[in-house]
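Engineer: Okay, structure incoming, though there's no sequence with it:
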């Protein structure tokens with residue numbers, strides 16, 4: 001393995017894994033033993049080893065979400081020892097390496113816990129609620145004709161940087177899983193802020209924030225009480241400032257809106 005430590009000793013671990021057949025059945029924690037785990041493995045590679053062992057024993061493998069395994073797609077949504085994505089700050093589950101654990105450790109692995117994120121199976125959850133929020137307004141639909149040159153609209157660097165930082169949200173759902181209210185405010189505010197900060201997004205800024213907040217509430221996410229656990233556990237460092245931006249956008253939109261609902 002590239003970059004591996006030749007002096008690293010393999011580990012034997014006890015895994016407490018949430019098993020659930022589907023969203024309509026009750027789940028439970030099941031204990032598994034994994035042996036000879038390299039500290040240089042990623043957390044998902046360790047789960048691959050577990051599943052290979054289970055298949056050899058004729059048992060059902062553990063279902064979990066993953067895709068790019070590079071910290072980009074946001075698919076690997078696991079709650080590890082009571083923390084979203086595990087013990088390392090600013091890291092997604094797929095970027096977490098087993099060197100963060102010790103030989104003989106017991107690791108508890110659970111799915112995201114939120115009404116709006118029902119369990120598909122085992123550690124896999126349905127995050128399509130985020131997709132529906134984006135469909136409600138997280139886009140620019142202005143017809144601008146041909147593709148304009150990137151530098152055609154001058155944007156101050158400070159504004160461009162802030163919009164870019166908001167755009168780095170990977171929609172993993174760690175903010176929801178970490179919040180005691182299962183609030184999606186950090187995710188929604190990042191999408192609202194990204195477009196509200198840029199001139200291209202100003203045309204639809206009022207309807208955008210109204211529709212996205214309405215859809216967020218419809219999906220059953222909780223209210224924000226400014227605890228800040230969402231930002232503390234966000235693997236890409238989305239700032240709470242975005243929630244303040246979205247609140248201002250929402251108040252301004254409601255003050256001049258024809259939608260009194």
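Structural biologist: Structure received. None of these values were measured; they are calculated from a predicted model.
Engineer: Does residue 253 touch residue 212 like I think?
Structural biologist: No. The criterion here is C-beta atoms under 8 Å, and residue 253 misses it with residue 212 at 10.5 Å. Just so you know, the C-beta spots here come from the backbone N, C-alpha and C atoms, and that holds for glycine as well.
Engineer: Where does pLDDT dip in the stretch 101-250 of the chain?
Structural biologist: 142-144, 150 (pLDDT under 70).
Engineer: Pick out the residue closest to the middle of this protein.
Structural biologist: residue 172 (1.5 Å; C-alpha atoms, centre = their mean).
Engineer: What helix or strand is it located in?
Structural biologist: Here residue 172 sits in a region with no helix or strand, counting by DSSP states H and E.
Engineer: and what of residue 77?
Structural biologist: With DSSP H and E as the criterion, residue 77 is inside neither a helix nor a strand.
Engineer: how close does it get to residue 86?
Structural biologist: 11 Å (C-beta to C-beta, to the nearest Å).
Engineer: can you list residues touching both of those two?
Structural biologist: residue 93 (C-beta atoms under 8 Å, 6 or more residues apart in numbering).
Engineer: pLDDT value on the nearest residue to the residue nearest to the centre of the chain once chain neighbours are set aside, please?
Structural biologist: Leaving aside its sequence neighbours, residue 172 sits nearest to residue 74 (C-beta to C-beta, 6 or more residues apart in numbering; 3.5 Å). Residue 74 carries a pLDDT value of 92.
Engineer: residue boundaries of the helices in the protein?
Structural biologist: All helices of the chain, identified by DSSP state H, fall at 43-56, 128-137, 157-167, 174-178, 185-196, 205-218, 229-233, 241-255.
Engineer: and residue 84, how many residues sit next to it?
Structural biologist: 25 (other C-beta atoms under 10 Å).
Engineer: Spatially nearest residue to it (excluding sequence neighbours)?
Structural biologist: residue 174 (3.8 Å).
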